[in-house]
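**Student:** Structure, please.
(2 chains, ligands or ions: 2)
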Amino acid sequence: MKILATYNIKGGVGKTAAAVNLAYLAAREGARTLVVDLDPQGASTFYFRIKAKRKGGKQLIQGKRNIHAFIRGTDYEGLDLLRARFSFRNMDLQLSDFSKPARRLARIIKPLAKDYDLIFLDCPPSISLVSESVFVAADTLLVPTIPTTLSVRTLQQLGKHLHGGGHKKLQVRPFFSMVDRRKSLHRQICEQPGTKSHTFMEAHIPYASVVEQMGIRRAPLATYARSTPAARAFEALWDEIKEG
Amino acid sequence: MAPKPNLPVAYEIKSETDLQRVLKRLAECFPLERSPASVQKRVCLDTFDWRLHEGGARLTASTREQETFLRLEVNGGRIECPLHGPALPAFAWDLPAGRLHDLITPLIDVRCLLQLAHLEVREQALRILNSDQKTVVRLTVERTSVTMPEEEDRPLKSVHPMLRLSPVTGYKRATRAVMDFLESELKLVRTRPDPMVRALAAIGRSPGDRRARFTFELDPAMRCDAALRTIHRTLLDTMRLNEDGVRQNLDSEFLHEFRVAVRRTRAALAQVRGVYPRDVVAHFKVEFKWLGSVTGPVRDLDVYLFMMDDYRAELPEALGNELTPLHKHLRRHHRSEHLQLARALESERYQALLRDWQQFLDKADECDPECCPNAARPLAEVASKRIWRTFRGVINQGRAITAETPAEALHRLRIECKKLRYLMEFFRSIHDPKQIGRLIRVLKGLQVNLGDFNDLEVQQGSLERFAIEMSEEGEAPVRCLMAMGRLVDHLYERQKTERTRFSRCFTRFSTSANEKRFRRLFKRRSSRL
Ligand SMILES: Nc1ncnc2c1ncn2[C@@H]1O[C@H](COP(=O)(O)OP(=O)(O)OP(=O)(O)O)[C@@H](O)[C@H]1O
Ligand SMILES: [Mg+2]
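**Tutor:** Numbering: from 1, shown residues only, chains lettered A, B, ... in the order given. Ligands and ions are numbered 1, 2, ... in the order given. So this is what the prediction gives:
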């Protein structure tokens, strides 16, 4: 089982869009895939037309209920979702009850190894105990980054934080997201990101209204706009991720 | 504890009218969304002996938008994976890396994936939705038609439509409701959710049908000639079924099964005497012997090609790697021998053999008791007598063998055991299955020892022959020849060990308890003469 997390300190950069679309592509290829919606706002849960629940976050963290009871099948074969709970907003607090709080999440997920080939963690933004837990649990951190100077700086900060925090085994793979080719700054930064500590992936996700439409369609991009450049971009991104 | 996998359930529907009624009722009672139907041509793939089927899996290939996909259905789940070109995979190592590859490999091992049938599947996905338009139960209507591979231009045979229900994790209540509706309201009956088997049944294929069948359903009281014809007809069918695979060289198993059928045909001709007219026996004995000999070289090479890994493993690593020229040699000869074999199968002699043989077997008239004294006698009598005699022969020959006896005697005994084995298998169905099964097992123990002893000797001879051929063809590096020499030594040592084991194996076979069992089963009957 491989665990991929879409993460950025910043909000609204395309983490959820990436988690949902990449997970869909993985499942379509036959990988048994699970999306874990760690965000109390439940955006990926919403995209899969599943209702986020209010309560239950505590039971999940404390292991009081079988983790499978939190999982729902999506509309797509081989793709399941661990749906969000509004009470995930208190996850920091619940995790801190454990003696090694940052390892807790990894332990909860571990029994799923025999049921899934891939797990995508869709993370809320900011740095917290939840994100620390994600750094411990994940094998790969996919970091959608908007091509602006500030975003690249935020990425460097993240790099420093991870380095200092001893997450050396964690593979960090930034990629440009919401790229607007009409903006010269975007083009420029995509060409020369201006950071030596990170290599960006080749594939970019363009800024496209079909991606925004996911909120109305409540479905992965490939199901309603398969041949659009944005959908192709997610495919290219997925191919690159698989290559390692 | 993990929950049980959501296994799909399937319902067979008797006709198109019934299907329309079911769909109408479903739409009245549930929020149902229908996707447009899609027609897909699918090729069913499995090994010669249906290993995937036996492992609970089914593999199909289909093409859409110019891309070829493999689909594996196993444990109620479905895995799809695109291929990198239009060519279908033949062996496990041709499969693209991934879960599909990892699941299939242990099931098929070194066997070749063959095209069992071409299906045309009209599939319509139906989804039962909740108030968020979220799928809570998946249904699929499958209408399947089928043709044999290479007969795609023949009209398709259609199979009853099927409604398949696949639960969605976490929506148990909805699943239960739909199942109750289908079963209680619409009175649908569950069927195996395996349309491939049903589709293949429509073209007369069934699991394991390519295997030479060793069970012949016979009746102890039936006439001997009728029984022998039944046996021969079954074996001829097996030859016919495998012929094409032999010709195309798809998987070595085809040739193996083909040869087993030929060998058994010959054994039945030679061992059950006085049943067919003498001139018939004489003619077909010669012809089937010819067929055995023209198919031999390819089989031998198949076996040695399989052995290459073992051979390498038997030598120190550095030396094992020196065997590559031998491997190449075998492959090259395999190609040319196979060409010859294919030519033999095209020949008039072969065509005539099968045609005449079929004609003789289908002739309804009974064999004349004048020239065929055993033809009209009840099967049980003749069979038991033959078996008992052969058993006595094995015992007497075996007892005469000591540590000093030349190897020839062991070979003769091996052949005698083989005859006994064939006879017991031919007439298995007229005896108590438990008793005869047990006797066959004991005999097998002895046969393994004799067989290994013989194989090891044959292998030594073959390796020496290959070495000479390779030198003559100027492709024999010294280190390769050295490695082969070492191998011959190993084989010789192992053969000596088998030899020392013989007396123990024979004693186990010739115990008085075992003899009594043979006597009880076969002797009493024949003494009733
Ligand atoms: N490539 C894109 N082009 C256009 N709009 C996009 C693109 N990717 C995401 N969006 C839109 O931007 C918004 C934020 O995207 P998304 O939810 O994927 O980001 P996020 O990083 O997960 O946000 P949050 O931090 O709130 O979880 C959404 O409305 C989404 O539809
Ligand atoms: Mg999000």
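
**Student:** now do the same end-to-end measure for stretch A:217-236.
**Tutor:** 22 Å (CA to CA, to the nearest Å).

**Student:** Could you do stretch A:116-126 as well?
**Tutor:** 28 Å.

**Student:** Likewise for stretch B:47-60?
**Tutor:** 12 Å.

**Student:** quick one: it to chain centroid distance?
**Tutor:** The chain centroid and the centroid of stretch B:47-60 are separated by 12 Å, computed with CA atoms, centre = their mean, to the nearest Å.

**Student:** got a list of contacts for that stretch?
**Tutor:** B:42-46, B:70-75, B:103-104, B:107-109, B:111-114, B:119, B:194, B:196-197, B:207-208, B:210-211, B:245, B:250-251, B:253-254, B:257 (CB atoms under 8 Å, 6 or more residues apart in numbering or on different chains). Heads up, the C-betas are built off the backbone N, CA and C, glycines and all.

**Student:** Which ones among these map onto helices?
**Tutor:** B:103-104, B:107-108, B:196-197, B:245, B:253-254, B:257 (DSSP state H).

**Student:** Return a PyMOL selection command for the buried portion of the contacts of stretch B:47-60.
**Tutor:** Command for PyMOL that selects the buried part of the contacts of stretch B:47-60, burial taken from 16 or more other CB atoms under 10 Å in any protein chain shown:
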select buried, chain B and resi 42+43+44+45+46+70+71+72+73+74+103+104+107+108+111+112+113+114+119+196+210+211+245+250+251+253+254+257
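
**Student:** Go back to the contacts of stretch B:47-60 and keep what's next to chain A.
**Tutor:** For chain A, the contacts drawn from these by CB under 8 Å from any CB of the partner chain are residue B:72.

**Student:** can you redo the ones in helices among the contacts of stretch B:47-60 as CSV with distance to residue A:24 and pLDDT?
**Tutor:** Shown next, in CSV, are the ones in helices among the contacts of stretch B:47-60 (distance: CB to CB, whole Å; pLDDT from 0 to 100):
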residue, distance to residue A:24, pLDDT
B:103, 22, 91
B:104, 24, 93
B:107, 28, 91
B:108, 30, 89
B:196, 28, 75
B:197, 32, 77
B:245, 41, 86
B:253, 41, 85
B:254, 42, 88
B:257, 45, 90
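
**Student:** Identify, from the residues you listed, the entry nearest to residue B:490.
**Tutor:** Using CB to CB, the shortest approach to residue B:490 within those belongs to residue B:253, at 27.6 Å.

**Student:** quick one, phi psi at whatever residue of the stretch 51-200 of chain B ends up closest to ligand 1?
**Tutor:** Scanning the stretch 51-200 of chain B for proximity to ligand 1 using CB to the nearest ligand atom identifies residue B:132 as nearest, at 18.3 Å. Backbone torsions for residue B:132, taken as degrees, to the nearest 10, come to phi -90, psi 10.

**Student:** now the one 5 residues further on
**Tutor:** Reported as degrees, to the nearest 10, the phi and psi values for residue B:137 are phi -140, psi 140.

**Student:** Surely it is in contact with residue B:164?
**Tutor:** No. Contact criterion CB atoms under 8 Å: residue B:137 and residue B:164 do not qualify, at 11.1 Å.

**Student:** Let me see the ranges of the helices in chain A.
**Tutor:** A:15-28, A:43-47, A:57-62, A:91-95, A:101-109, A:129-137, A:149-164, A:184-191, A:209-212, A:214-217, A:221-224, A:229-243.

**Student:** quick one, which of the ones you listed is packed in tightest?
**Tutor:** Of those, the one with the most neighbours on average (mean count of other CB atoms under 10 Å in any protein chain shown) is helix A:15-28, at a mean of 25.

**Student:** interface residues of chain B facing ligand 2?
**Tutor:** Neighbours of ligand 2 within chain B, by CB under 5 Å from the ion: none found.

**Student:** Likewise for chain A?
**Tutor:** Residues of chain A lying near ligand 2 (CB under 5 Å from the ion): A:15-16, A:43.

**Student:** measure the residue in chain A that ligand 2 sits nearest to to chain B for me?
**Tutor:** Residue nearest to ligand 2 within chain A (CB to the ion): residue A:16, separated by 3.2 Å. Residue A:16 is 18 Å from chain B, where distance means CB to the nearest CB, to the nearest Å.

**Student:** show me what contacts residue B:274?
**Tutor:** B:372-375.

**Student:** dump the residue contacts of the residue nearest to it when sequence neighbours are not counted.
**Tutor:** Leaving aside its sequence neighbours, residue B:274 sits nearest to residue B:374 (CB to CB, 6 or more residues apart in numbering or on different chains; 3.8 Å). Each residue near residue B:374 by CB under 8 Å, 6+ apart is listed here: B:224-225, B:272-275, B:382.

**Student:** Look up which helix or strand the residue lying farthest from the centre of chain B falls in, please.
**Tutor:** Within chain B, the residue lying farthest from the chain centre (CA atoms, centre = their mean) is residue B:131, at 52.0 Å. Residue B:131 belongs to no helix or strand when assigned by DSSP states H and E.

**Student:** Likewise for residue B:141?
**Tutor:** strand B:135-147.

**Student:** So is that strand next to chain A?
**Tutor:** Yes. On the criterion CB under 8 Å from any CB, strand B:135-147 is in touch with chain A at B:135, B:138.

**Student:** just checking, what packs against the helix or strand just after that strand?
**Tutor:** Using DSSP H and E, the helix or strand that directly follows strand B:135-147 along the chain is strand B:157-158. When contacts are defined as 3 or more CB pairs under 8 Å, 6 or more residues apart in numbering or on different chains; DSSP states H and E, strand B:157-158 sits against strand B:135-147.

**Student:** go again using 10 Å as the cut-off
**Tutor:** Here strand B:157-158 touches strand B:113-129, strand B:135-147, helix B:195-202, going by 3 or more CB pairs under 10 Å, 6 or more residues apart in numbering or on different chains; DSSP states H and E.

**Student:** can you pull the buried residues of the longest one?
**Tutor:** Put plainly, it is strand B:113-129. B:113-114, B:116-121, B:123-129.

**Student:** So for the residue farthest from the centre of chain B, what's the pLDDT?
**Tutor:** pLDDT, residue B:131: 92.

**Student:** repeat for residue B:123
**Tutor:** 89.

**Student:** Might you report the residue contacts of it?
**Tutor:** The contact partners of residue B:123, by CB atoms under 10 Å, 6 or more residues apart in numbering or on different chains, come to B:35, B:37-40, B:42, B:140-144, B:164.

**Student:** Can you tell me how far it is from ligand 2?
**Tutor:** 35 Å (CB to the ion, to the nearest Å).
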